[in-house]
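Participant: Sequence and predicted model, in that order:
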Amino acid sequence: MAASKSASLQIAVSKHAVDEAFKTLSNWGKWGKDDQIGTLNNVTPADIVAAGKLIKSGKVFALGIPLGQTGPQRGLFGKRWNPIHTMLATGTDAMAGRQGGLLYSDDAINMPIQSATHWDSLGHIFYHDQMYNGHHARDVDSNGLSKLGIEHAKDKIAGRGVMLDMARFKGVEYMPDGTGISNDDLDKCAAAQKVEIRKGDFVLVRTGQMENCLKRGEWGGYAGGDAPGLKFETCYWFHEKQVAGVCMDTWGCEVRPNETSDVNQPWHWVVIPAMGLYMGEMFDLSALAADCHSDKVYEFFFSGAPLIIPGGTGSPVNPQAIK
């Protein structure tokens with residue numbers, strides 16, 4: 001398997017490097033001035049048909065984490081909390097005669113969109129005062145996103161999924177916090193697994209961080225703290241590969257602490273507002289990765305339709321990998 005052109009990049013990460021990457025990797029206008037789905041344009045109907053043929057055994061892997069108060073949120077930005085499940089009507093209400101003729105149960109969920117397994121929409125990150133494809137930050141107000149809301153992806157997130165099991169490739173149960181994943185790491189992991197990354201793929205990268213938290217029985221700083229993750233240089237790798245999306249088992253995909261103090265989350269600044277790359281965070285990849293390791297098949301049909309939230313900055317999701 002040939003190495004990527006981006007494999008040998010050595011980037012000193014800084015605000016200047018972010019600005020340069022933004023200009024170099026921008027997909028603004030590539031799919032038209034009105035485009036609102038970015039790299040999901042890389043998936044064709046033929047790709048989806050071909051991905052369907054990867055289903056051989058009918059094994060289905062759910063990649064979402066539970067929506068409950070035992071989740072990872074610890075007040076990130078002072079604004080995020082774990083999902084709150086509230087019963088509106090119960091069996092005890094019914095037995096007590098409080099419901100009239102129809103006996104039923106009913107409930108509600110209260111949650112920040114990005115408090116559990118989720119997609120980021122292309123309006124989630126601003127580069128200065130602009131979002132992907134030149135849309136202005138003022139297009140986001142108290143009513144939500146008038147451009148680039150998650151609803152535009154409602155029928156677009158399906159195709160070939162590929163697992164890059166970075167933790168197993170490195171020979172560890174989990175990658176230590178602060179460990180960066182380079183372009184060369186991505187290439188070598190794919191080569192070791194004998195799997196090719198293709199245009200329109202959804203690439204799932206496992207670090208083992210989530211599993212380590214669950215094994216310890218506490219999340220610690222998982223939501224916003226230090227983490228293993230993608231190095232800044234990988235924005236060039238994902239652009240070169242023309243993937244549809246990237247998903248990880250960490251809170252923010254990129255390595256933390258970041259590689260520079262000039263910019264908070266520098267990788268985010270490029271991949272979302274410049275490239276329009278779809279990003280999935282806090283995916284539970286443990287069972288799928290174990291199965292891929294067992295049968296040596298690292299490709300599968302992937303589906304991760306978001307909820308249709310008009311103007312949403314993202315969406316909770318329970319993605320499916322089917323082999």
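Facilitator: Arrived safely.

Participant: Low-confidence ranges, the protein, go.
Facilitator: Applying pLDDT under 70 to the chain flags residues 1-3, 8.

Participant: Next one: the residue lying farthest from the centre of it from Phe22, what distance?
Facilitator: Most distant from the centre of the chain: Gly97, at 46.0 Å, with distances by CA atoms, centre = their mean. As judged by CB to CB, to the nearest Å, Gly97 and Phe22 stand 64 Å apart. No exception for glycine: its C-beta is placed from N, CA and C like everyone else's.

Participant: again with Leu9
Facilitator: Distance from Leu9 to Phe22, by CB to CB: 16 Å.

Participant: picking that back up, how far away is the residue farthest from the centre of the chain from Leu103?
Facilitator: For Gly97, the distance to Leu103 - CB to CB - is 10 Å.

Participant: which residues of the stretch 201-323 of the chain fall in helices?
Facilitator: 209-216, 234-241, 266-271, 286-295 (DSSP state H, counting those that start in this stretch).

Participant: Highest mean neighbour count out of those?
Facilitator: helix 266-271 (a mean of 25; mean count of other CB atoms under 10 Å).

Participant: Check which helices and strands that helix sits against.
Facilitator: helix 15-25, helix 234-241 (3 or more CB pairs under 8 Å, 6 or more residues apart in numbering; DSSP states H and E).

Participant: Next, the angle from the first one to helix 234-241.
Facilitator: By that I understand helix 15-25. 10 degrees (axes from the mean of the first three to the mean of the last three CA atoms, to 10 degrees).

Participant: ok, and for helix 15-25, which residues are buried?
Facilitator: Neighbour counts using 16 or more other CB atoms under 10 Å place 17-18, 21-22, 25 of helix 15-25 among the buried residues.

Participant: gap between the following helix or strand past it and the chain center?
Facilitator: Sequence order places helix 45-52 as the next helix or strand after helix 15-25, per DSSP states H and E. Put simply, helix 45-52 sits 21 Å off its chain's centre (CA atoms, centre = their mean, to the nearest Å).

Participant: continuing past helix 45-52, what's the next helix or strand?
Facilitator: strand 60-62.

Participant: That next one: partners in the sheet, and parallel or antiparallel?
Facilitator: Applying DSSP bridges, strand 60-62 is found paired with strand 320-322 (antiparallel).

Participant: contacting residues around the strand it pairs with?
Facilitator: Here strand 320-322 makes contact (CB atoms under 8 Å, 6 or more residues apart in numbering) with 55, 58-63, 161, 163, 204, 288, 300-304.

Participant: Next, give me the two most distant ones among these.
Facilitator: Gly58 and Leu204 (19.5 Å; CB to CB).

Participant: okay, those two: which has more neighbours?
Facilitator: Taking other CB atoms under 10 Å, Gly58 and Leu204 do not tie; Leu204 has more neighbours (27 against 7).

Participant: between the helix or strand encompassing Leu186 and helix 234-241, how big is the angle?
Facilitator: According to DSSP H and E, Leu186 maps onto helix 183-192. Helix 183-192 runs at 50 degrees relative to helix 234-241, counting by the same axes, to 10 degrees.

Participant: Could you pick out the buried ones from the contacts of strand 320-322?
Facilitator: 61, 63, 161, 163, 204, 288, 300-304.

Participant: got the residue ranges for the helices in the stretch 51-200 of the chain?
Facilitator: Under DSSP H, counting those that start in this stretch, the stretch 51-200 of the chain gives helices at 91-95, 166-169, 183-192.

Participant: who's the residue nearest the centre of the chain bridged to?
Facilitator: With distances taken as CA atoms, centre = their mean, Gly280 lies nearest the centre of the chain, 1.0 Å away. Under the criterion DSSP bridges, Gly280 forms beta bridges with Trp119, Cys247.

Participant: If I follow the layout properly, it ends up in contact with Val317?
Facilitator: Yes: Gly280 lies in contact with Val317 (CB atoms under 8 Å); the separation is 7.3 Å.

Participant: Overlap in contacts, those two.
Facilitator: Counting by CB under 8 Å, 6+ apart, the residues touching both Gly280 and Val317 are 117-119, 304.
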